[in-house]
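S.K.: Using only what follows, build the 3D model:
(one chain, ligands or ions: 1)
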Amino acid sequence: MIDKLKNKVIIAPMAGVTDRAFREVAELFGAGLVFTEMISAKGLYYGDKKTKSLFDKGNLKIPLCAQIFGHEPDIISKVAGYAVSCGASCLDINSGCPAPKITKSSDGAALMKNPLLFEEVLYSAVKNANCPVSVKIRAGWNRESVNAVQLAKIAEKCGVCMITVHGRTAADYYKGKADWSIIKDVVSSVNIPVVGNGDIFNAQNAKEMLEQTGCAAVMLGRATLGNPWLIRDTVLLLDENKLPKPPSVEEKIKLALFHISLIIKYKGEYIGVRQARKHALWYIKGLKESARVKNLISKANSYEEIEKHLTCLNEF
Ligand SMILES: Cc1cc2nc3c(=O)[nH]c(=O)nc-3n(C[C@H](O)[C@H](O)[C@H](O)COP(=O)(O)O)c2cc1C
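M.R.: Residues are numbered from 1 along each chain as shown. You can find the predicted model right below:
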């Protein structure tokens, strides 16, 4: 799977962020592989329409990996095939989400506390997906139980095609620094591709992670919010050792508006505008005078309103 990608730059699954519009922008900026937001296996099983819509591959030409979360092997086995029927090239099992609303139901990172169940879930997915299955883990549940290497070996045994490791524990949430040495430990313990994740803030960081850990590809997360240029920069640095100029204010605003128009196109104006507000704020983060329009954008009710507030930043 990973050897067929056009480059080593993968965009992280991010709930509330990596929807169809975001994935299309990521493709435009050269991503090799994109993920859906995490999707509830139970929601799929019960035929929830909103849950199903998260899979929408649209016109994407690069491969899409559909990520599901759940802990019941029988439910996983019943929904695993849905990913490929929606055009996804890969099914990913979320074993890293630390959010209490997920882990209290034994899903996400809670699976790391139960290697036997982790194994059963992965077996069910691999057996029924009709496409390659990957898994995304953290270093462990907490600092006292760092078990990424043990889980990676289990995943390999189950026939998983790739493992993403975020170098924090679930208890760390997003605090502190991601520990890339755990990614290196996993790389040297299994014979399947390992994707490194955590704290890549610029293209140089991506290069360093590849060099320091030996991972097969890097996964970019938070640093791409309002900054898809990071994808372009990383691809160029890794492939051609070049680093292009950062975008101008005008380019940022133009892309923000394009991105927002895609969100509205796919979700309609009412929901789209509400979801687009945070993206608009990410695009203008750090720009001169952005503080002045922040509140206005947070209350905007139409595309035109957001456009008006964003374009006034062009003047500074
Ligand atoms: C808003 C947000 C939503 C996320 N949603 C998911 C998710 O749905 N599935 C998942 O496996 N990880 C999710 N993550 C974690 C990221 O995929 C990634 O592992 C994490 O942000 C660390 O990478 P980074 O330091 O490059 O951001 C999310 C992170 C953020 C910030």
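S.K.: Who's the closest spatial neighbour of the residue in the chain that the ligand sits nearest to, skipping the chain neighbours?
M.R.: Closest residue of the chain to the ligand, Cβ to the nearest ligand atom: residue 221 (2.6 Å). Where C-beta positions appear, they are placed from N, C-alpha and C, glycine not excepted. Excluding the flanking residues, the one nearest residue 221 by Cβ to Cβ, 6 or more residues apart in numbering is residue 12, at 3.8 Å.
S.K.: burial of the one you found, as a residue count?
M.R.: Per other Cβ atoms under 10 Å, the neighbour tally for residue 12 reads 23.
S.K.: Can you verify my assumption that it contacts residue 219?
M.R.: Yes - the criterion here is Cβ atoms under 8 Å, and residue 12 meets it with residue 219 at 4.9 Å.
S.K.: between those two, what contacts are shared?
M.R.: residue 197 (Cβ atoms under 8 Å, 6 or more residues apart in numbering).
S.K.: ok, now which ones touch the residue of the chain closest to the ligand?
M.R.: 12, 14, 197-198, 200.
S.K.: What parts of the chain come near the ligand?
M.R.: Contact residues (Cβ under 6 Å from any ligand atom) of the chain with the ligand: 12-17, 37-38, 67, 94, 96-97, 136, 166, 197-200, 220-223.
S.K.: In strands, which of those fall?
M.R.: 37-38, 67, 94, 136, 166, 197, 220 (DSSP state E).
S.K.: Near residue 270, how many other residues are there?
M.R.: For residue 270, the count of nearby residues is 11 (other Cβ under 10 Å).
S.K.: Separate out the buried members of the contacts of residue 221.
M.R.: Taking 16 or more other Cβ atoms under 10 Å as the criterion, what is buried in the contacts of residue 221 is 12, 14, 197-198, 200.
S.K.: okay but residue 44 is in contact with residue 52, surely?
M.R.: Yes - Residue 44 lies in contact with residue 52 (Cβ under 8 Å); the separation is 6.6 Å.
S.K.: neighbour count winner among these two?
M.R.: It is residue 44, of residue 44 and residue 52, that has more neighbours when counted by other Cβ under 10 Å, with 23 against 14.
S.K.: ok, so what distance separates the more buried one from residue 15?
M.R.: Taking Cβ to Cβ, to the nearest Å as the measure, residue 44 falls 15 Å from residue 15.
S.K.: Could you check the pLDDT of residue 288?
M.R.: Among the per-residue scores, residue 288 holds a pLDDT of 85.
S.K.: where does it sit relative to residue 312, distance-wise?
M.R.: Applying Cβ to Cβ to residue 288 and residue 312 gives a distance of 11 Å.
S.K.: Give me the more crowded residue out of those two.
M.R.: More neighbours surround residue 312 than the other of residue 288 and residue 312, with 14 against 11 (other Cβ under 10 Å).
S.K.: Quick one: residues contacting the more buried one.
M.R.: Counting by Cβ under 8 Å, 6+ apart, residue 312 makes contact with 289, 293.
S.K.: With residue 246 instead?
M.R.: Neighbouring residues of residue 246 by Cβ under 8 Å, 6+ apart: residue 229.
S.K.: on that earlier part again, any chance you could read off phi and psi for the residue nearest to residue 221?
M.R.: In terms of degrees, to the nearest 10, the main-chain angles of residue 12 are phi -60, psi 150.
S.K.: Could you report the pLDDT at it?
M.R.: pLDDT, read off for residue 12, is 98.
S.K.: And residue 316, by the same measure?
M.R.: 63.
S.K.: Do a quick rundown of the strands in the stretch 1-150 of the chain.
M.R.: For the stretch 1-150 of the chain, the strands defined by DSSP state E, counting those that start in this stretch occupy 9-11, 33-40, 64-69, 90-95, 133-140.
S.K.: quick one: which of the buried ones among the contacts of residue 221 is nearest to residue 128?
M.R.: residue 12 (24.9 Å; Cβ to Cβ).
S.K.: Pull the contacting residues for the closest one.
M.R.: 18, 35, 197, 219-221, 224.
S.K.: Got the domain ranges for the protein?
M.R.: 2-240, 249-315 (automatic domain parsing).
S.K.: looking at the ones you listed, which is buried most?
M.R.: Across the domains of the chain, averaging neighbours per residue (mean count of other Cβ atoms under 10 Å) puts domain 2-240 on top, at a mean of 20.
S.K.: so how far is it from its chain's centroid?
M.R.: Chain-centre distance of domain 2-240: 7 Å, with Cα atoms, centre = their mean, to the nearest Å.
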